[in-house]
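Trainee: output the structure for:
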Amino acid sequence: MIRHMVLFRFRPDLTPAERSMVLDGLARLPSSFPTMRRFGLGENVSRRDRTFTHVMAVEFEDRHQLDSYLESARHEAFVSGTFRPAVEDRAIASFE
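Mentor: Prediction:
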């Protein structure tokens, strides 16, 4: 099992509608990638570290499924066209 996590902080000048567009796009990813398991998305509620305001976590059965997702045209289009322009900072990690 591979867990893939993306922690991020929106650009401060983003409108609420622009934030919603990004979050809605992330929430729709599992409908395009049936190999995603245990998808979660939400605001960071930690009182210890507020570096990132949101997190997305998802599981895949193996690295091949993760790589297929990461290298897909659908993922790349969303990341380059919607996610990166809206995000000020991010951290991405995947682990077994």
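Trainee: for the protein, just list every one of the strands.
Mentor: In the chain, the segments counted as strands under DSSP state E are 2-10, 37-43, 54-60, 87-95.
Trainee: would you turn the ones you listed into CSV with mean pLDDT?
Mentor: Output for the strands of the chain, formatted as CSV (pLDDT from 0 to 100):
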stretch, mean pLDDT
strand 2-10, 98
strand 37-43, 96
strand 54-60, 98
strand 87-95, 97
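Trainee: turn these into JSON lines, including mean neighbour count and distance to residue 70.
Mentor: Using the backbone N, CA and C atoms, a C-beta is placed for each residue, glycine as well. Putting the strands of the chain into JSON lines (neighbours: other C-beta atoms under 10 Å; distance: least, C-beta to C-beta, whole Å) gives the following:
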{"stretch": "strand 2-10", "mean neighbour count": "18", "distance to residue 70": "8"}
{"stretch": "strand 37-43", "mean neighbour count": "12", "distance to residue 70": "15"}
{"stretch": "strand 54-60", "mean neighbour count": "19", "distance to residue 70": "10"}
{"stretch": "strand 87-95", "mean neighbour count": "13", "distance to residue 70": "9"}
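Trainee: may I see those organised as a markdown table, with distance to residue 30 added?
Mentor: Below are the strands of the chain laid out as a markdown table (distance: least, C-beta to C-beta, whole Å):
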| stretch | distance to residue 30 |
| --- | --- |
| strand 2-10 | 12 |
| strand 37-43 | 5 |
| strand 54-60 | 8 |
| strand 87-95 | 17 |
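Trainee: how much space between residue 58 and residue 7?
Mentor: 13 Å (C-beta to C-beta, to the nearest Å).
Trainee: oh, I was asking about residue 37
Mentor: From residue 37 to residue 7 the distance is 19 Å (C-beta to C-beta).
Trainee: tell me the angle the longest helix seen in the chain makes with strand 2-10.
Mentor: For the chain, the longest helix by residue count, based on DSSP state H, is helix 16-32. Computed by axes from the mean of the first three to the mean of the last three C-alpha atoms, to 10 degrees, the angle separating helix 16-32 from strand 2-10 equals 170 degrees.
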